[in-house]
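J.: A structural model of the following input is requested.
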Amino acid sequence: MPRDETTPHLRVARLPWTTDINPYQRAVYGELAEVGVHCVATAGLTTDWLVAHRARIDVLHVHWHLERLADDAPLDSPPAAWVCGQLDLARTLGYAIAWTVHESGRLLLGRDGYEDTVVEALLRLSDVVVTHDEPTARFVVELGQARRHRPVDVVVAPPGSYDSFAAAPAATADPVDAARRLGIAVGDRVVLSLGAQRWDKDLPLLLAAFDDLARADAVLAIVGPIRDDVARSALDGVDPRRVRVLDDWASDEFVAACFALADVAVLARSRDWTSSSLLLATAHATPIVAADLPTNRALVGDHGARWFTPGDSASLTLAIGNALDDPDGGSERVLAAQRHASRTTWSDSALVTATAFRSAVARRSAPSVVAPEPALHV
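T.: Modelled structure (predicted):
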């Protein structure tokens, strides 16, 4: 996409800051920069930061990891109450607040009440909510209605494919080196779980399902940092001959090598989310087993994966076994997923998002009006 030099730049701060290790972050902010939306600061949410940056920031863009919004909270302040107070201050100072919802399935799980309280504040204060699929958009609208908050503008910006992120790393990927690093022998059938392993990724479910698979020729490769005690505990006592674990971030080249090595990529998570791993597997042409969730189907289509019943270990075991035994190697499903993912591009998504951001800023600058009915825009 050619750079947009005619529209004034919109200045955005990420809240909380997250690195560009994840290809999603690179896709979002790289393409937004092409349409005049620039990430110009790291948001800290402290009073000093909010006051100091007001003259140079238009939008506070809230991403995932809501727990990290409290990183700067004083030790003597309840984290949720502090975050809500700082978001209220941001609105008072005139910032527009945009919230991208990725993980609707974990928003209301009530871990010590923190997420629930912060979600309430974001429903009340956000000028626009961006989602990447209609099921998540409907969730946000219905949640706002149930909580009796003012109607919030919800915009659907479907993601693009990750083909551009996969092409260069795939050209230099070395599956043989990846197999050596993971201790996988020639002839092993590889089931891959790639990405940060957290309490909500259902790693215990995957391990139980793989254990029940009971195939001597299959190896489970878990590649990605182990983020919490739930995931770490699940891995205690696993058989290292059948389960290989690499507790570390993987480079783009190593990710590509892992997907090339894998016979099937498995996403065991049973809660709705927008999955970068699903799009990466699609871009690398790896057959997929995933929980049958509306958000997963939105990413790869009805025929883009083998689906298992969310939370059902026996269903997951069956799906993995069927994927390994597929006579065409899952190529028909891979092609279906790639066709579905290529319907839109990240450039398309960036244009929708940029328009939403600009509308949010315009509304913050305009005189007060009666709030409109909730809207879904695609």
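J.: can you list contacts of the longest helix belonging to the chain?
T.: Using DSSP state H to assign secondary structure, the helix with the most residues in the chain is helix 346-365. Applying C-beta atoms under 8 Å, 6 or more residues apart in numbering, the external contacts of helix 346-365 come out as 1, 10, 12, 27-28, 30-32, 34-37, 58-59, 61, 94-98, 127-128, 130, 132, 153, 155-160, 377-378. (C-beta placed from N, C-alpha, C; glycine too.)
J.: quick check: domain ranges of the protein?
T.: Listed by automatic domain parsing, the domain ranges of the chain are 10-160+344-377, 163-341.
J.: how about the strands in the stretch 51-200 of the chain?
T.: In chain order, the stretch 51-200 of the chain shows strands spanning 59-62, 96-100, 128-131, 153-156, 189-194, with DSSP state E, counting those that start in this stretch as the criterion.
J.: most packed of those?
T.: When those are scored by mean count of other C-beta atoms under 10 Å, the highest mean neighbour count falls to strand 128-131 (a mean of 27).
J.: Parallel or antiparallel, which strands does that one pair with?
T.: The strands beside strand 128-131 in its sheet (DSSP bridges) come out as strand 96-100 (parallel), strand 153-156 (parallel).
J.: CA-only coordinates of that strand in PDB, if you can.
T.: This file holds the C-alpha atoms of strand 128-131, laid out as PDB (Å, rounded to 0.1, in the frame of the first residue of the first chain):
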ATOM      1  CA  VAL A 128     -14.500   2.700  19.800                       C
ATOM      2  CA  VAL A 129     -14.000  -1.000  20.100                       C
ATOM      3  CA  VAL A 130     -12.200  -2.900  17.300                       C
ATOM      4  CA  THR A 131     -12.600  -6.600  16.800                       C
END
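J.: Need the mean per-residue confidence for it.
T.: Strand 128-131 shows a mean pLDDT of 95.
J.: now do stretch 315-334
T.: The average pLDDT within stretch 315-334 is 96.
J.: how about that stretch: buried residues?
T.: Along stretch 315-334, the positions that meet the burial threshold by neighbour count (16 or more other C-beta atoms under 10 Å) are 315-321, 323-324, 326, 330, 333-334.
J.: Which residues does it contact?
T.: Looking at stretch 315-334 with C-beta under 8 Å, 6+ apart, the contacting residues turn out to be 189, 191, 205-206, 209-210, 212-213, 215, 218, 263-264, 266, 268, 282, 285-289, 303-309.
J.: From those, list just the buried residues.
T.: Taking 16+ other C-beta under 10 Å as the criterion, what is buried in the contacts of stretch 315-334 is 189, 191, 205-206, 209-210, 213, 218, 263-264, 266, 268, 282, 285-289, 304-308.
J.: Among the residues you listed, which are located in strands?
T.: Secondary structure of the buried ones among the contacts of stretch 315-334 is defined by DSSP state E; positions in strands are 189, 191, 218, 264, 266, 288, 289, 306, 307, 308.
J.: so who does the closest residue to the third one other than its chain neighbours touch?
T.: On the basis of C-beta to C-beta, 6 or more residues apart in numbering, the spatially nearest residue to residue 218 that is not a chain neighbour turns out to be residue 189, at 4.6 Å. Each residue near residue 189 by C-beta under 8 Å, 6+ apart is listed here: 215, 217, 218, 219, 263, 324.
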